[in-house]
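# Curious how this folds, go ahead:
(chains A, B and C)
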Amino acid sequence: MNGATMDNEPILKVDKLKTSFKTERGKVTAVDGVSFDLLKGEILGIVGESGCGKSATAQSILRLYDEKQAIHEGEIWFEGKELLSLRPPEMDKVRGNDISMIFQDPLSSLNPVFTIGNQIAEAILIHKSISKREAYARVLELLRLTGIPAPEKRINEYPHELSGGMRQRVMIAMALACESKIMIADEPTTALDVTIQAQIMSMIVELNQKLDMGVILITHDLGVVAEVCTRVVVMYLGQVVEEADVENLFTRPLHPYTQGLMKSIPQLDCDRSKPLLVIEGTVPSLHQIPEGCRFATRCPFADDLCRSKMPPLEQYAPGQRARCWHAETISKKGEAIRAWT
Amino acid sequence: MTISSESIDLHAVKSALKKEQNKILWRQIMTNGSLFVGFVIIAFLILVALFGPLLMKHDPNTMDVLKRFAAPSADHWFGTDNLGRDVLARVIYGTRISMGIGVAVAIIASMSGLIVGIYSSYYKWLDHLLMRLSDGIMAFPGLLLALALMAALGGQASNVVIAVSIVATPYIARVVRSEALALKEQTFVEATRALGASDSRIIWQHIAPNTLSSLIVQATFIFAEAIIVEAALSFLGAGIPPPAPSWGNILSDGKTYIYKAWWMTFFPGMTITLAIIGLNLFGDGLRDLLDPHVSKAKK
Amino acid sequence: MKTYLLKRLLSAIPVLFIVSTIVFLILQMTPGDPALVILGQEATLEEVEDLRQQLKLDRPIYEQYFNWLFNALRGDLGESYFMNDSVLEAILSHLGPTISLGILAEIIAIALAIPLGILAARRKGTLTDQSVMTFSLLGMSIPNFLLSLFLILVFSVFWRLLPVAGYKPLGAGLWEHLKYLLLPAFALGTAHAALIARMTRSAMLEVLNANYIKTARAKGVKEKWVIYKHALRNAFLPILTVIGQSFLGLMGGTAIVETIFAIPGIGQLIVNGVMRRDYAIVQGAVLYVTFAFVFINLAVDMLYGIVNPQVRLDNKK
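Residues are numbered from 1 along each chain as shown, chains lettered A, B, ... in the order given. Take a look at the predicted model:
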């Protein structure tokens, strides 16, 4: 269903990425040794609760943080370049051009004092030396591509004159302006109505297929993940806890956290007399990260090993990795399902 | 803390709470840099105003014709002026005059501003009248208005206080009025009225006290403005008549002889600057302390 | 938009009325008889009486007031008692220097304040930021006439770079004209600059946290443009408000600064008029100045509408 193609080479390689921030209460590490690859033409989902570091990971890829406050370690490889070591002018050339990004709230993400035509044209003119007329012609093309009706009129309108769904389309148009190889979508539909959500997501899928553009989709909505993604990375408290193809993730989740997530999605055909599953406990604060496995405080299978030593991310099945000492045993014995019920 | 059959000692709880509140307040005051520095400066100046004259060697009015235009030296720290008078002594006496006028204006403008502001907020018709009047007064540069008033009233210290107070009152009235308007909408006012309290009781016992924090902050800034306006008026010759050593008068003499005696301008100038900085810092600090929600960009 | 403008202009009328009444009353309270002052101590009682009748000073107050008001509405502000001009001519001829001074002061203030404010915002929390804030506190604290004196001390007395006082009109050459206005403009503009710098800093800080700045960076916009194009345009609104509101205060300061630097502008005209009891001048000039203030307020509001498309469009609807 998704556009994963024959050549399975990664176009983006994130290797042990670590992002820490200097705060008044000390150093906080929001992204702690995250590694994953984005293969050509695939839609990779990154899921997790708020605060798990998924947004921080995305922003670190494009180095959007003020590097006086944020420290990056690790490597990010794109087209033979290591992004974290590029000088600012070189990184500017990558942003919006090779790799683009769209954000959660399109109203606050668009500059209120410039027309949308101006803002989309800017995305083009920064990177390509073409005339203004040509740029605006391309803007019209992009508006049509993203399904915005009456583009000639819209081009001179301001963000607050458009509806939420159209604003997000404008953001996508800006992201496509330079035919990026990768688009990072940070919770693109969270702030939109349900019907619009579906439209935007189907547009993203279409663009992925038509333009062979890699997509990193960051979301907390597992329903969207199931429909749209090729592969999924699950994050918890700054780390990757599971990585799998979407089918395997939903049918045979290895990590207890993922299992808990799957079980807590209400199903149409489930027994309505039973209460919905809740994962007990709360996410520990980033300032007080527990020893050992970070999920141990809420995991029904946690034992002393889990609480004292951090499990590494291991491959337990083809194309599927998990960060759990007991991943194999749990999945084999099918105890997972029972424990969570 | 479970509620048991033993009665809870209410007094103990109350005093513990009070102690805790005081501790927090004390910490807020101590960490408030502006408040502290401003306070130190103002306290210093007040001490100078009160006790300076006792400690001085020279008299501000004694003229020593032989020692005219003497540069600053060990005997005359701030030098002497065109009539041989000791500038330091004059500046110290000037502190007394200017701080005195500043305080007087701050107090009078506060009282009149409070009355105008509160009653405006309470009675609609009065509001229209008084606010139009205030707009009129504020529409014009304060110094010019004070100047015109001084011309009408005559050059005396008391008139300076009156003139500047008139100019300053609308500013305080506005602040009080907006606070009072906000307070009026709160339920405790309705509740008090439901109990049968009269208008003036509500106004004076309930609304007015709550406007005091904003009032005091504004009054501090008015104090600073009053010093400036008095100095400007005296500088122009329309304020306190010479030979009284008001800072403005010293500056006025200084301007005439600016090529000959820079110290006649420099020292009184620095003193005024010090006073204003002190008051501004104190006012800023006070505002942060009393109402941390007010945006820092407003003055 | 038009009804809005009209409403604003209309609401200015009562203010003008009140201001002129206040000034009139104050002047009437002022001791000193203009006729006596004009003719000097040697004049006989008869001569004084004649002049008083001529100047209509013997009529009851309300009649004098309405006479003046009526004439003023027709554009005739009367004659100055001391100068050989009609009040209107006197005002117009003194307008030039004040406008030059005001504009120069405003330019200096903005040219200093906005870059400093932006610098402080970008380097928030560092020594640079604290220095800018400290200087701005100093700038706001020193009264303009004091600053004038200090500037004279430094630039005219110690370093003989600029003239102490005086004025040359534009006709005498641009540099000559500016030479005499530089110190006073600086003295006037500094407090204004301090306030603008603070506002610029806080507005920029707020704007730089906005999501659309993140978007601009994600598009690959160079940092310089992020600040000056994307951020500043949005921060400009509150900055403009502060500029507009305190511009009036700046113009108010011209009175004493013009007096110190002997610049023949409106401020000096009013000060001298008050000191000399030249009623006609004072009244005419006050009316004029108040009207100018109202007008400037309105212009600032309109500028606001242009800079912020949301305001503009709401007015259309």
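# ok, A:L305 touching A:C324?
No: with contacts counted by Cβ atoms under 8 Å, A:L305 stays clear of A:C324, the gap being 10.7 Å. Every residue, glycine included, has its C-beta placed from N, CA and C.
# next one: stretch A:279-286 to chain centre, how far?
From the chain centre to the centre of stretch A:279-286 is a distance of 21 Å (Cα atoms, centre = their mean, to the nearest Å).
# quick one: contacts of it?
Outside of stretch A:279-286, the residues within contact range by Cβ atoms under 8 Å, 6 or more residues apart in numbering or on different chains are A:28-30, A:49, A:51-52, A:236-238, A:257, A:260-261, A:264, A:290, A:294, A:297-298.
# Okay, and which of these map to strands?
A:28-30, A:236 (DSSP state E).
# Can you select the buried ones from those in PyMOL?
In PyMOL, a selection of the buried entries from the ones in strands among the contacts of stretch A:279-286 looks like this (16 or more other Cβ atoms under 10 Å in any protein chain shown):
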select buried, chain A and resi 29+30+236
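# what number of residues lie near the residue of the stretch 201-341 of chain A found nearest chain C?
The stretch 201-341 of chain A approaches chain C most closely through A:I216 (13.1 Å), counting by Cβ to the nearest Cβ. Close neighbours of A:I216, defined as other Cβ atoms under 10 Å in any protein chain shown, add up to 26.
# Next: C:S11.
Count around C:S11 with other Cβ under 10 Å applied: 11.
# Is any residue of the helix or strand it falls within near chain B?
Assigned by DSSP states H and E, C:S11 falls within helix C:2-29. Yes: using Cβ under 8 Å from any Cβ of the partner chain, helix C:2-29 comes into contact with chain B via C:14-15, C:18-19, C:21-23, C:26-27, C:29.
# Which strands or helices does that helix pack on?
helix B:124-138, helix B:142-153, helix C:61-73, helix C:279-307 (3 or more Cβ pairs under 8 Å, 6 or more residues apart in numbering or on different chains; DSSP states H and E).
# can you rerun that using 6 Å?
helix B:124-138, helix B:142-153, helix C:279-307 (3 or more Cβ pairs under 6 Å, 6 or more residues apart in numbering or on different chains; DSSP states H and E).
# For the stretch 1-150 of chain A, just list every one of the strands.
A:10-23, A:26-39, A:43-47, A:70-78, A:81-82, A:99-102 (DSSP state E, counting those that start in this stretch).
# Can you tell me which of those is most buried?
When you average the neighbours per residue for each of the strands of the stretch 1-150 of chain A (mean count of other Cβ atoms under 10 Å in any protein chain shown), strand A:99-102 leads with a mean of 27.
# A:L305 and A:C324 - which one has more neighbours?
Taking other Cβ under 10 Å, A:L305 and A:C324 do not tie; A:C324 has more neighbours (27 against 13).
# So the more buried one: helix, strand or coil?
coil (DSSP: H, G, I helix; E, B strand; the rest coil).
# count of neighbours near the closest residue to chain B within chain A?
Of the residues in chain A, the one nearest chain B is A:E24, at a distance of 14.4 Å by Cβ to the nearest Cβ. Look at A:E24: counted by other Cβ under 10 Å, it has 4 neighbours.
# can you give me phi and psi for it?
Torsion angles at A:E24 (phi, psi; degrees, to the nearest 10) stand at phi -60, psi -30.
# Quick check: the gap between it and chain C.
11 Å (Cβ to the nearest Cβ, to the nearest Å).
# how is the chain carved up into domains?
I went with chain A, as the question did not name one. A:10-236, A:252-340 (automatic domain parsing).
# wrong one, I was asking about chain B
B:1-31, B:33-298.
# Quickly, which of those domains bottoms out on average pLDDT?
Note on the domains of chain B: domain B:1-31 shows the lowest mean pLDDT, a mean of 74.
# quick revisit: now the angle from the helix holding C:S11 to helix B:124-138?
With axes from the mean of the first three to the mean of the last three Cα atoms, to 10 degrees as the basis, helix C:2-29 and helix B:124-138 are set at 70 degrees to each other.
# Show the average pLDDT along helix C:2-29.
74.
# Is A:P300 in a helix, a strand, or coil?
Relying on three-state DSSP, one would call A:P300 coil.
# So A:V234, which state does it fall into?
strand.
# Minimum distance to chain A: which of the helices and strands packed on helix C:2-29 has it?
helix C:279-307 (7.8 Å).
# And for A:A322, nearest residue in space, chain neighbours not counted?
Nearest-residue entry for A:A322: A:L254, 3.8 Å, with adjacent residues in sequence omitted and distances by Cβ to Cβ, 6 or more residues apart in numbering or on different chains.
# That neighbour touches A:A327, doesn't it?
Yes: A:L254 is within contact range of A:A327, at 4.4 Å (criterion: Cβ atoms under 6 Å).
# Wasn't B:A70 part of a helix?
No: under three-state DSSP, B:A70 sits outside any helix and is assigned coil.
# In space, what's closest to it - neighbours in sequence excluded?
B:T80 (4.3 Å).
# same check, this time on C:A216
C:A216's closest residue in space is C:H230 (Cβ to Cβ, 6+ apart), at 4.6 Å.
# just B:I172 next, same as before
B:G113 (2.7 Å).
# Could you pull up the residues touching the one you found?
B:169, B:172-173, B:176 (Cβ atoms under 6 Å, 6 or more residues apart in numbering or on different chains).
# would you list every one of the helices in the stretch 151-300 of chain C?
C:174-208, C:211-219, C:223-225, C:232-252, C:254-261, C:266-276, C:279-307 (DSSP state H, counting those that start in this stretch).
# these two touch, right, A:A123 and A:M174?
Yes: the criterion here is Cβ under 6 Å, and A:A123 meets it with A:M174 at 4.7 Å.
# residue ranges with poor pLDDT in the chain?
Picking chain A for this. Within chain A, the segments meeting pLDDT under 70 span A:1-7, A:270, A:331-341.
# hm, I was asking about chain C
Short version for chain C, where the test is pLDDT under 70: C:1-2, C:4-5, C:30-43, C:55-56, C:58, C:72, C:74-84, C:304-317.
# So what does the spatially most central residue of chain A have for phi and psi?
Taking Cα atoms, centre = their mean as the criterion, A:I218 is the residue nearest the geometric centre of chain A, at 2.3 Å. Main-chain torsions, A:I218, degrees, to the nearest 10: phi -100, psi 130.
# quick revisit: quick check, the residue nearest to B:A70 in contact with B:A71.
No: at 8.7 Å, B:T80 does not count as touching B:A71 under the criterion of Cβ under 6 Å.
# Those two: which has the busier surroundings?
Legend: neighbour count by other Cβ under 10 Å for B:T80 and B:A71, higher for B:T80 (28 against 11).
# which residues does that one bridge with?
B:D86 (DSSP bridges).
# separation between it and chain A?
On the measure of Cβ to the nearest Cβ, B:T80 and chain A end up 55 Å apart.
# What residues does that residue make contact with?
Taking Cβ under 6 Å, 6+ apart as the test, what B:T80 contacts is B:67, B:70, B:86.
# so which of those residues comes closest to chain C?
Of the contacts of B:T80, the one sitting nearest to chain C (Cβ to the nearest Cβ) turns out to be B:A70, at 17.6 Å.
# where does the closest one fall, phi/psi-wise?
Per degrees, to the nearest 10, the backbone of B:A70 is at phi -80, psi 130.
# Near it, how many other residues are there?
A count of nearby residues for B:A70, using other Cβ under 10 Å, gives 18.
# For the residue nearest to B:I172, give its distance to chain C.
18 Å.
# any idea which helix or strand carries that residue?
Here B:G113 is assigned to helix B:87-122, by DSSP H and E.
# ok now that helix, how far from the chain's centre?
Chain-centre distance of helix B:87-122: 6 Å, with Cα atoms, centre = their mean.
# Just name the most buried of the helices and strands packed on helix C:2-29.
Mean neighbour counts for those (mean count of other Cβ under 10 Å) peak at helix B:142-153, with a mean of 24.
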